[in-house]
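S.K.: Fold the following for me, if possible:
(one chain, ligands or ions: 2)
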Amino acid sequence: MATEETRGKTRQFKAEVQHLLDIVIHSLYTDHEIFIRELISNAADALEKVRHLTLTQQDVFDRDLPLEIRIETDKESGTFAISDTGIGMTEEEASRNLGTIAHSGSREFLQTLKEGGEIDAELIGQFGVGFYSAFMVADRVTVTTRAADPEAEGVRWSSTGAGKYTVKTEEIPHRGTKIQLALKEDRKEYAESDTVKGIIKRYSNFVPFPIFVDGEQVNTVQALWTKNKNELTDEDYKGFYQFVANANDEPMYRLHFNADAPLALRAILFVPGSNFEKFGLGKMEPGVSLYCKKVLIQAEAEELLPDYLRFIKGVVDSEDLPLNISRETMQDSALIAKLKRVLTKRVIKMLAGEAEAGKETYDTFFKEFGMFLKEGAATDFENREQLSRLLRYPSSKTERDELTSLEEYVSRMPENQKEIYYISGANRTAIESGPYIEAFRDRGIEVLYGYDHADDFVFSHLREYDGKPLRSADQANIDLPETDESASDEDKPEALPEKEAGDLARWIKEKLGDAVQEVRTTKRLTRSPAALVNPDDIMTTGMQRVMQALNKEGEMSIGNMILEVNPAHPILKNLNDLREGKGDEDLADAGCRLLLDNATVTAGLTVDSRAMVERSNKMLERALAGLKAE
Ligand code: ADP
Ligand code: MG
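M.R.: Ligands and ions are numbered 1, 2, ... in the order given. Next up, the predicted model:
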């Protein structure tokens, strides 16, 4: 007797597919019910494609077949079968689509798993490996399919998920795809029609094609975006979001609007509950699909929103678009460009409204998705102003996790403060224990904190807010205004006289040579002996850090920075004694170098630790010897 494997051609899964299958079959025990949602979503995709085809092309096989999804369950034989009248697959397509990993997203998914990332069944759909979820519940999966091309032959594809699959041609009377699952012994619940109906109601209620389970229709077929807002409930939106985003969570925000000018459009857009990109899973794909009069023109189209709004999910329907617009023509279509402008502005306006409506939710949103808005503020010149209003930062005047807007910052500025200050660092503790904000703190002047690598770049691209220049607090030429909170001169410890301090600075520079560009005295520091600052308005210490990180092998150069020294600090006073010959040369050299080393470390920059330890041991030796002598 011929087995499935001996009839037709037997092929090997690509190694990466097998690896994925092993994970799917053996590790994803929870949530196996999502296989239903994944297979329905594939059927719906196939139906959308054929609907588009029948509207734009002549030769479509079974043109008048109703577009629908049918599920048959059989308790006796323990089977589950789903069929659709969609676009189907040719033999070549079946081998490619079901036997290799074609999507870049799937590779990223695998990569995450290889790196020991968490395995979450929810991710399966996000990364385009949904078909394989059938193997979570089935011992054997058999696909019979016939493509919409009138010339195509029918195909039978079958596999147990272990290493091999078979394909062969077969007479199939109608267009579409049928996927039959021989359920595993402990997954027979999916042969019960009530169980299956319940799952469909939960996950797939908004699929825009009728779904029948054992002959009975279970979903509400409707294009939600053609309805009026007041006809829809929160539950409707949530269900629709879960369908379009292929997600399980709740949307954070939603935007449902119609417009007539400059072009007719209806849209429902969502901000998801969480940001997958945050976990380092690679760049998100765009999430808004384009429809024309309820016909899908392009799923998850790239041209509808700018790159930085790739986290938005939803649908847009415009009846002004030609149905046969292709991926290529979309790129230079004036209509699409118009659509993109309108959508971008509406999304930004929606976010501004939400920021106004509730600080707490908005801050939660910003902590999750703020990285995208920062990207936008730095790159979208046209909407920069509005985007900068959406930014939030912790600051020297906020408590722990609390965020502030630039607008609030400006409202707190003393009258004679003309600039907005920011500083980047790993976290609040790192920033507040460093030297840069001392002078600001002493005067009660607020500084925004940036914890992302990108923050310095964003601020330097923004340049100003509300007419006030944005300045990094570690720049050299900052002239801080005196405020009510400034300490009076009497409270300050006495500094070296100006001339002597100047001589000291020159002497230190001589000792340091090319290690820094310049050494000079400053009144800015109170507690710290010295700080490294940046000579121009472009470079910041944060950028230096990024450059040091990129330049792993190379020099850890800070040669373009300025060392500012505090002439009122005891270390500087003692160095001045050394300069005047009270002590030996060796000690003076090591002292100056260590001053620079310490300033480098507090700036978050890297030093040659071996040399630093040597110098600091030398100092320690001297200090301890001194103690003994006394
Ligand atoms: P995705 O849906 O993200 O593309 P899947 O693993 O779910 O990833 O499906 C892989 C591919 O198999 C699909 O892109 C599609 O080309 C093909 N496919 C799956 N199911 C069907 C179906 N019912 N009809 C036609 N093609 C299908
Ligand atoms: Mg899929």
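
S.K.: What distance do you get for V546 to ligand 1?
M.R.: Counting by Cβ to the nearest ligand atom, to the nearest Å, the gap between V546 and ligand 1 amounts to 35 Å. Placement of C-beta: from N, CA and C, glycine included.

S.K.: 147 is where my numbering starts, stick with that
M.R.: Yep, numbering from 147; the last one is V692 now.

S.K.: and that residue, which of the three is it?
M.R.: Secondary structure state of V692, per DSSP: H, G, I helix; E, B strand; the rest coil, is helix.

S.K.: Let me know the secondary structure of the residue lying closest to it once chain neighbours are set aside.
M.R.: Take V692 and drop its neighbours on the chain: the residue closest to it by Cβ to Cβ, 6 or more residues apart in numbering is H599, 5.8 Å away. With three-state DSSP as the basis, H599 sits in coil.

S.K.: Distance check, H599 against ligand 1.
M.R.: For H599, the distance to ligand 1 - Cβ to the nearest ligand atom - is 32 Å.

S.K.: tell me the contacts of that residue?
M.R.: 570, 688, 691-692 (Cβ atoms under 8 Å, 6 or more residues apart in numbering).

S.K.: Give me the residue ranges of the chain where confidence is low.
M.R.: The chain contains residues with pLDDT under 70 at 147-153, 173-176, 247-275, 470, 473, 633-637, 698-702, 774-776.

S.K.: which bits of it sit near ligand 2?
M.R.: 188, 276 (Cβ under 5 Å from the ion).

S.K.: May I see the domains of the chain written out as residue ranges?
M.R.: For the chain, automatic domain parsing gives the domain ranges 150-363, 370-506, 537-638, 641-680+701-775.

S.K.: In a markdown table, list these along with distance to E521.
M.R.: Shown next, in a markdown table, are the domains of the chain (distance: least, Cβ to Cβ, whole Å):
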| stretch | distance to E521 |
| --- | --- |
| domain 150-363 | 19 |
| domain 370-506 | 4 |
| domain 537-638 | 7 |
| domain 641-680+701-775 | 23 |
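
S.K.: Would you tell me which of these gets closest to F515?
M.R.: domain 370-506 (5.5 Å; Cβ to Cβ).

S.K.: The closest one close to ligand 1?
M.R.: No - Domain 370-506 lies out of reach of ligand 1 by Cβ under 6 Å from any ligand atom, never closer than 8.6 Å.

S.K.: and that domain, how far apart are its ends?
M.R.: Start-to-end span of domain 370-506 (Cα to Cα, to the nearest Å) is 29 Å.

S.K.: tell me the contacts of P713?
M.R.: The contact partners of P713, taken as Cβ under 8 Å, 6+ apart, are 641-642, 647, 650, 667, 719.

S.K.: ok, what's across the strand from the closest residue to ligand 1 within the stretch 447-596 of the chain?
M.R.: Closest to ligand 1 within the stretch 447-596 of the chain is K459: 14.8 Å, counting by Cβ to the nearest ligand atom. Beta-bridge pairing for K459 (DSSP bridges): F416, G433.

S.K.: E431: what secondary structure?
M.R.: Assignment for E431 (three-state DSSP): coil.

S.K.: From ligand 1, how far out is the closest residue to it other than its chain neighbours?
M.R.: In space, and not counting its chain neighbours, E431 is closest to E446: 5.8 Å by Cβ to Cβ, 6+ apart. As judged by Cβ to the nearest ligand atom, E446 and ligand 1 stand 10 Å apart.

S.K.: Quick one: name the residues of this protein near ligand 1.
M.R.: Close to ligand 1, as judged by Cβ under 6 Å from any ligand atom, the chain has residues 184, 188-189, 191-192, 230, 232-235, 243-244, 274-277, 323.

S.K.: Burial check on I684, number of neighbours?
M.R.: Using other Cβ atoms under 10 Å, I684 has 11 neighbouring residues.

S.K.: In contact with it, which residues are there?
M.R.: Per Cβ under 8 Å, 6+ apart, neighbours of I684: S606.

S.K.: In three-state terms, how would it be classified?
M.R.: In three-state terms, and counting by three-state DSSP, I684 is coil.

S.K.: and if you look at R670?
M.R.: Following three-state DSSP, the label given to R670 is coil.

S.K.: from what I can see it touches R587, true?
M.R.: No - using Cβ atoms under 8 Å, R670 is not in contact with R587, being 11.1 Å away.

S.K.: out of those two, which sits in the busier spot?
M.R.: R670 (21 against 16).

S.K.: List the residues that contact the more buried one.
M.R.: R670 touches 584-585, 624, 626, 677, 710, counting by Cβ under 8 Å, 6+ apart.

S.K.: Also N404?
M.R.: So N404 contacts 411-413 (Cβ under 8 Å, 6+ apart).

S.K.: how close does V434 sit to E218?
M.R.: 34 Å (Cβ to Cβ, to the nearest Å).

S.K.: between those two, who's got more neighbours?
M.R.: Neighbours per residue, other Cβ under 10 Å: of V434 and E218, the larger number sits with V434, 26 against 18.

S.K.: so the closest residue to A622 other than its chain neighbours bridges to which residues?
M.R.: Computed as Cβ to Cβ, 6+ apart, the closest residue to A622 that is not its neighbour in sequence is V679, at 4.4 Å. Bridge pairing for V679 (DSSP bridges) gives the partners I708.

S.K.: that older thread, nearest to A284 among the contacts of P713?
M.R.: Taking Cβ to Cβ as the measure, A284 sits nearest to T667 out of those, at 76.8 Å.
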